[in-house]
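# predicted coordinates and the sequence they were generated for:
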Amino acid sequence: TMKVIIALDIGSSSIRCGAYRATGDGDGNGDGAVEPIEGCSTQRKMRTVEPNTGKILLTNEDGKDLFDEIDLTVDDTLDSLRRMGDKYQVCAVGFSTFCMNFIAVDDKGNPVGKKATLSYACNTDEVASECRLLKSILGRQGQKTLYQRTGTPLHSGYALPQLRALYTNASTNQDDSGSNENIVMWQTLASICLSRWQGTPFSNVSFSEASWTGLFNFRSCEWDKEAIALLPEAVRDTLPPLCDYSDKVNSVGGIGRMKGGVDSTPNPYWDRWPELRVGTSDVDGGTSFSGCKMFLGIGDGACANIGSWCGSCSKIAVTIGTSAAARVCLPLPANDEVLGRF
C-alpha cells in the first residue's frame, strides 16, 4: 500500500494541493524522502488578499467562497489518486500558508466577515498611525525588548497594530461594532480548514503561524504578556490556544458542526473524504485506511527553507511568487523553561 502525504499551499494569488509518495511510516521511521505523484496536483487561481487594506478575501469577485475553493483542490487531488487504481493510504495532511493571516470567527466557527480579517499586506493610514502611537508608548528600549521577545518589529504587517486599529475603529464606527461583538475566536486559514473538516468550531494555532502576528513570545512559546497588554481588553480572550504544529493531530470525524450548522450534525466530510477519516474503514476499491494525521499550518517561509534543505545558517532560500524573499535560518538558544515543559 502506497503511503501518501497531501500538501496544501494557500497563497495570496492561488491555492494549490498535491499528493506525495512517502517512504517513511509517518512516525519518523524511514529516510523521510517524498516525491510528487504525477498527475495528482491541482491549482486554483484566486486572489485571497486585498491590496493596501490587507483584508483576506473570503469570497472573490465571482462570489466563490475561499474555503469552498480550498475544499475543491482537495477534491481534485483525491479524485486523481482514486483514478490511479493503486492501493494507497493518506497518512498525513499538511498546510503551508501565507503569513501573517488572522481571521475572526463566531461561536460556530464561521468567519465574521472580511472586515474582521488581518494579513501581512496591510498598509492603511489607520494602522500606520497605531504603529507610531505604539512606538511613542514603548520608547526605543521598549521596542527593542519587544523585538527580542517576539522577533517582529512594530510594523503595519503584523497583528498588534492591526487589532488595535480594528477595535478602535469599531468603538467609534457603529457599522463595525456589531461584527466585532460576534468575534469569539481568532483563527488562521489552516485552523479554520481543520475545524471544518474535523467537525469542531475552533482549532489550535501553531507556533509557526502565531510567530507572524507580532504577539508571540518565541522564547517561551506562548502569547507575549507585554504585547497582549497593549491590546484592547475585548481582544485578549479571543486569541486562540497555541501548540506546536504536530501536537494537536486529528482526522475527519463523523460528527460535528456543518457550515452554518449546530453541534452534533453529521460531518459532510466523512463521506466526501473517506481517506482522511479517523480510525479504520474500507472504501471503494478495497483500500483500507488506518487514520490520517492532519497537522496545523506552517508559515510559507519556514516551509520554503525546510523543503529546500536550507535549515542552517550556511544556506539561503530564495522564494519568488507574488512577492519575493530571501531567508536564512539562525540558531538561537532554547528557553530552559520551554525545554522543561516539552
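Nice, thanks for sending it over.

# what's opposite the closest residue to W273 other than its chain neighbours in the beta bridge?
Distances taken as C-beta to C-beta, 6 or more residues apart in numbering place V252 nearest to W273, at 5.8 Å, with adjacent residues excluded. C-beta here means a position set from N, CA and C on the backbone, and glycine is covered the same way. For V252, the beta-bridge partners are R277 (DSSP bridges).

# how close does V252 get to M294?
V252 sits at a distance of 8 Å from M294 (criterion: C-beta to C-beta, to the nearest Å).

# among these two, which residue is more densely surrounded?
Shown here are V252 and M294; by other C-beta atoms under 10 Å, V252 has more neighbours (26 against 23).

# which parts of the stretch 101-250 of the chain are strands?
101-105, 117-119, 185-187, 205-206, 216-217, 222-223, 242-243 (DSSP state E, counting those that start in this stretch).

# in a markdown table, list these along with mean neighbour count, distance to D9 and mean pLDDT.
Output for those, formatted as a markdown table (neighbours: other C-beta atoms under 10 Å; distance: least, C-beta to C-beta, whole Å; pLDDT from 0 to 100):
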| stretch | mean neighbour count | distance to D9 | mean pLDDT |
| --- | --- | --- | --- |
| strand 101-105 | 25 | 13 | 97 |
| strand 117-119 | 25 | 16 | 97 |
| strand 185-187 | 24 | 18 | 98 |
| strand 205-206 | 26 | 15 | 96 |
| strand 216-217 | 24 | 22 | 96 |
| strand 222-223 | 18 | 27 | 96 |
| strand 242-243 | 17 | 22 | 95 |
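
# can you tell me the SS state at V318?
What DSSP: H, G, I helix; E, B strand; the rest coil gives for V318 is strand.

# next one: phi and psi at the nearest residue to it once chain neighbours are set aside?
Ranked by C-beta to C-beta, 6+ apart and with sequence neighbours excluded, the top spatial neighbour of V318 is A326, at 4.9 Å. Backbone geometry at A326, expressed as degrees, to the nearest 10, gives phi -120, psi 130.

# need the contact list for A326.
By C-beta atoms under 8 Å, 6 or more residues apart in numbering, the residues touching A326 are 316-319.

# ok, back up a step: so who does the residue nearest to W273 touch?
V252 neighbours (C-beta under 8 Å, 6+ apart): 197-199, 267, 269-270, 273, 276-278, 292, 294.

# ChimeraX command for the buried members of these?
Under the burial definition 16 or more other C-beta atoms under 10 Å, those of those that qualify are selected in ChimeraX by:
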select :197,198,199,267,269,270,273,276,277,278,292,294
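
# returning to that earlier point: if we compare the strands of the stretch 101-250 of the chain, which one ends up closest to T152?
Shortest distance between T152 and the strands of the stretch 101-250 of the chain, using C-beta to C-beta, is found for strand 216-217: 8.4 Å.

# pLDDT value on the closest residue to G301 other than its chain neighbours, please?
Distances taken as C-beta to C-beta, 6+ apart place R327 nearest to G301, at 5.4 Å, with adjacent residues excluded. Reported pLDDT at R327 in the predicted model: 90.

# a markdown table for the strands of the stretch 101-250 of the chain, including distance to R83?
Below are the strands of the stretch 101-250 of the chain laid out as a markdown table (distance: least, C-beta to C-beta, whole Å):
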| stretch | distance to R83 |
| --- | --- |
| strand 101-105 | 33 |
| strand 117-119 | 36 |
| strand 185-187 | 34 |
| strand 205-206 | 33 |
| strand 216-217 | 42 |
| strand 222-223 | 45 |
| strand 242-243 | 36 |
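
# how about these, which one is nearest V90?
Set against V90 and scored by C-beta to C-beta, the strands of the stretch 101-250 of the chain come closest in strand 205-206, at 20.4 Å.

# ok, the closest one: who's next to it in the sheet?
When DSSP bridges is applied, strand 205-206 pairs with strand 242-243 (parallel).

# list the contacts of the partner strand.
Outside strand 242-243, the residues that reach it (C-beta under 8 Å, 6+ apart) are 204-207, 210, 216, 221-223, 296.

# burial of Y245, as a residue count?
Residues within reach of Y245, counting by other C-beta under 10 Å, total 21.

# let me redo that: Y167
Using other C-beta under 10 Å, Y167 is surrounded by 18 other residues.

# so it touches A234, yeah?
Yes. Using C-beta atoms under 8 Å, Y167 is in contact with A234, at 6.0 Å.

# now for those two: what residues contact both?
Contacts common to Y167 and A234, judged by C-beta under 8 Å, 6+ apart, are N180.

# buried ones in stretch 118-131?
In terms of neighbour count (16+ other C-beta under 10 Å), stretch 118-131 has its buried residues at 118-122, 124, 126-127, 130-131.

# same question, stretch 37-54
Residues of stretch 37-54 classed as buried: 37, 40-42, 46, 48-50, 53-54 (neighbour count, 16+ other C-beta under 10 Å).
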